[in-house]
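A.B. asks: A structural model of the following input is requested.
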Amino acid sequence: MCRYTISVGWDGTLYDCDFNQVLALPLGFEAPQHVRDFDPALLFERRIATRNHCYGCAAGTGSSCGGSIT
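C.D. replies: Numbers count the residues shown, from 1 in each chain. Model (predicted):
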């Protein structure tokens with residue numbers, strides 16, 4: 001999920017996934033922070049903000065997530 005979709009908060013804040021949105025963990029690492037700054041090229045090249053909750057993701061093995069944690 002975090003590699004191919006983004007979540008948008010009610011205020012336009014961009015998140016890597018729904019879980020990051022719930023945890024108020026917006027896009028980071030120089031990626032656009034708000035929908036008004038949306039840039040597909042920058043989003044495609046972004047680093048994903050990860051925390052311990054990411055280890056609960058199926059990471060491409062059955063869920064909608066297409067990423068992996070290495």
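A.B. asks: what residues of the helix or strand bottoming out on mean pLDDT in the chain count as buried?
C.D. replies: Every helix and strand of the chain was ranked by mean pLDDT, DSSP states H and E. The lowest is helix 40-44, at a mean of 86. Neighbour-count burial for helix 40-44, counted by 16 or more other C-beta atoms under 10 Å, picks out no residue. Every residue, glycine included, has its C-beta placed from N, CA and C.
A.B. asks: leaving out chain neighbours, which residue sits closest to residue 14?
C.D. replies: residue 27 (4.8 Å; C-beta to C-beta, 6 or more residues apart in numbering).
A.B. asks: tell me if I'm right that that neighbour and residue 50 touch.
C.D. replies: No - using C-beta atoms under 8 Å, residue 27 makes no contact with residue 50, being 11.9 Å away.
A.B. asks: who's more crowded, those two?
C.D. replies: Neighbours were counted for residue 27 and for residue 50 using other C-beta atoms under 10 Å; residue 27 has more, 23 against 17.
A.B. asks: what does the more buried one show for phi and psi?
C.D. replies: Per-residue torsions, residue 27: phi -50, psi 150 (degrees, to the nearest 10).
A.B. asks: now it: how far from residue 39?
C.D. replies: As judged by C-beta to C-beta, to the nearest Å, residue 27 and residue 39 stand 11 Å apart.
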